[in-house]
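# Kindly generate the corresponding structure for this input.
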Amino acid sequence: MARTVRYRLRSPVGGLAADLTAEMRQSTDPAAPDIQVYRKMRLALPPGGLHWKDAAWLSFGVALNAREVNARFPDGVTIRVLALDMPLSDYRAEVAALAMDLWLREECGLATNGVAAAFDASAGDYVFTWGDVENPFSDPITWGRPV
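Now for the predicted structure:
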């Protein structure tokens, strides 16, 4: 069943906002044009697609919770995004990951994981923390350990 979460962070310069509507299916179709995020976890984009940055950050939001969700659904799961709405005045592509993280935590009953955003008044910008991930789109050398 589809469900919508509303991510909101107010700040002196406006804020960050996104409404994410998604649903989870406990199956995967390797032939589907979905994004494989982790093992048997897939992300299906909404009809009409998304901007590449939004798709990348949504995928990262799934990856932040992938091990926990994969453990709960070892036969596979597909998260189907039906809509991602972000007002241009509050747009930052990173908010897609924050909204997906919130959606997954609520949908699967996951504990908080250190993923957050805050406004840094001294810098005049937002600071994003991604739990134990320092550089979201870098590929660390794992020397044979599974990622």
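# what's the longest helix in this structure?
When the chain is parsed with DSSP state H, its longest helix is helix 94-108.
# what comes up buried for stretch 111-129?
113, 115, 117, 119, 126, 128 (16 or more other Cβ atoms under 10 Å). Where you see a C-beta, it was placed from the backbone N, CA and C, and this is true even at glycine.
# Identify the neighbouring strands of the following helix or strand past the longest helix of the chain in the sheet and state each direction.
Sequence-wise, the next helix or strand downstream of helix 94-108 (DSSP states H and E) is strand 115-120. Using DSSP bridges, strand 115-120 pairs in its sheet with strand 125-130 (antiparallel).
# Counting neighbours, which bits of the longest strand seen in the chain end up buried?
Once the chain is assigned using DSSP state E, the strand that runs over the most residues is strand 14-25. Neighbour-count burial for strand 14-25, counted by 16+ other Cβ under 10 Å, picks out 15, 16, 17, 18, 20, 21, 22, 24.
# With stretch 52-66 instead?
Counting neighbours by 16+ other Cβ under 10 Å, stretch 52-66 gives 54-66 as buried.
# from the middle of its chain, how far away would it be?
Counting by Cα atoms, centre = their mean, to the nearest Å, stretch 52-66 is centred 4 Å from the centre of its parent chain.
# Let me know the secondary structure of the residue of the chain most remote from its centre.
Most distant from the centre of the chain: residue 122, at 27.5 Å, with distances by Cα atoms, centre = their mean. Secondary structure for residue 122, judged by DSSP: H, G, I helix; E, B strand; the rest coil, is coil.
# just for the protein, where's the confidence low?
140-147 (pLDDT under 70).
# what residue lies at the spatial centre of it?
Central residue of the chain (Cα atoms, centre = their mean): residue 61, at 2.1 Å.
# How about it: what's its closest non-neighbour residue?
residue 100 (2.7 Å; Cβ to Cβ, 6 or more residues apart in numbering).
# Kindly report the same for residue 127.
Nearest non-adjacent residue to residue 127, counting by Cβ to Cβ, 6+ apart: residue 120, 4.9 Å away.
# is it true that the one you found touches residue 128?
No. Using Cβ atoms under 8 Å as the test, residue 120 is too far from residue 128 to be in contact (10.4 Å).
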